[in-house]
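Chemist: sequence isn't available, so here's the structure alone:
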């Protein structure tokens, strides 16, 4: 049978070649970003603050996306491609999210470090006061107070200072002075001076001392440089005596 008449069939009835699907630009970079994120986040959780710094490199994801776009634009001009809008959106979201999280992690790490420093300052002040009591043959209760406020903490965290002098306060309630529960005024004043001199340091912002005997309360509060620089005359002018005989 002669099939030569098939050549006269209109082009509309001739089977056309399938059109290849358009390549989606951004999908590859998104996949790589998710793989890297899956590696870096667990590494940061287990290895500590040093690994969190790697998340600050997240803008490289955007550079990779730009490189992928240029690659298709230059090397594959004859290939139909389109941008994967969802991938681009997710990569921008991942970049901003990792930058934010790395910043939060840095602040949290600094805050934890400074909290430890503050507690160490308070502990040192308490131990110093307790040693001063023992050296002067006194007994009593020692309490420490943090004098640190947001004015010191926030700038330190934002500036990432490594070592800060954190102000603390110490409160001493004497039970015995020079081994006695009934010392005279001269002994009390001299002991207050000796204790203050022994406790004075850069961290101690306030020192309060109290002694109660025979319905009489002896109390004094010293601040800053007055703690280590006090003397008998200065203590006599600062000490408050309540009760006792009128």
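Modeler: Thanks, I have the structure now. All of these numbers come straight from a predicted model, not from anything done at the bench.
Chemist: quick one: the helices in this structure, in order.
Modeler: Residue ranges of the helices in the chain, as given by DSSP state H, are 27-47, 49-52, 60-75, 85-135, 150-159, 185-199, 232-238.
Chemist: packing partners of the third one?
Modeler: Helix 60-75 makes packing contacts with strand 23-25, helix 27-47, helix 85-135 when contacts are defined by 3 or more C-beta pairs under 8 Å, 6 or more residues apart in numbering; DSSP states H and E. Bear in mind the C-beta positions are built from the backbone N, C-alpha and C, glycine included.
Chemist: out of these, which gets nearest to residue 187?
Modeler: When the helices and strands packed on helix 60-75 are compared by C-beta to C-beta, helix 85-135 sits nearest residue 187, at 14.3 Å.
Chemist: any weak-confidence spans in this protein?
Modeler: 1-25, 41, 44-45, 47-58, 76-84, 102-103, 105, 149-152, 157-162, 244-246 (pLDDT under 70).
Chemist: got the domain ranges for it?
Modeler: With domains defined by automatic domain parsing, the chain comprises 20-111, 120-243.
Chemist: quick check on residue 228: phi, psi?
Modeler: phi -80, psi -20 (degrees, to the nearest 10).
Chemist: thought it was touching residue 193?
Modeler: No - using C-beta atoms under 8 Å, residue 228 makes no contact with residue 193, being 10.5 Å away.
Chemist: looking at these two, which is more packed in?
Modeler: residue 193 (19 against 16; other C-beta atoms under 10 Å).
Chemist: residue contacts, that one?
Modeler: 230, 231, 232, 235 (C-beta atoms under 8 Å, 6 or more residues apart in numbering).
Chemist: closest to the centroid, which residue in this protein?
Modeler: residue 111 (2.1 Å; C-alpha atoms, centre = their mean).
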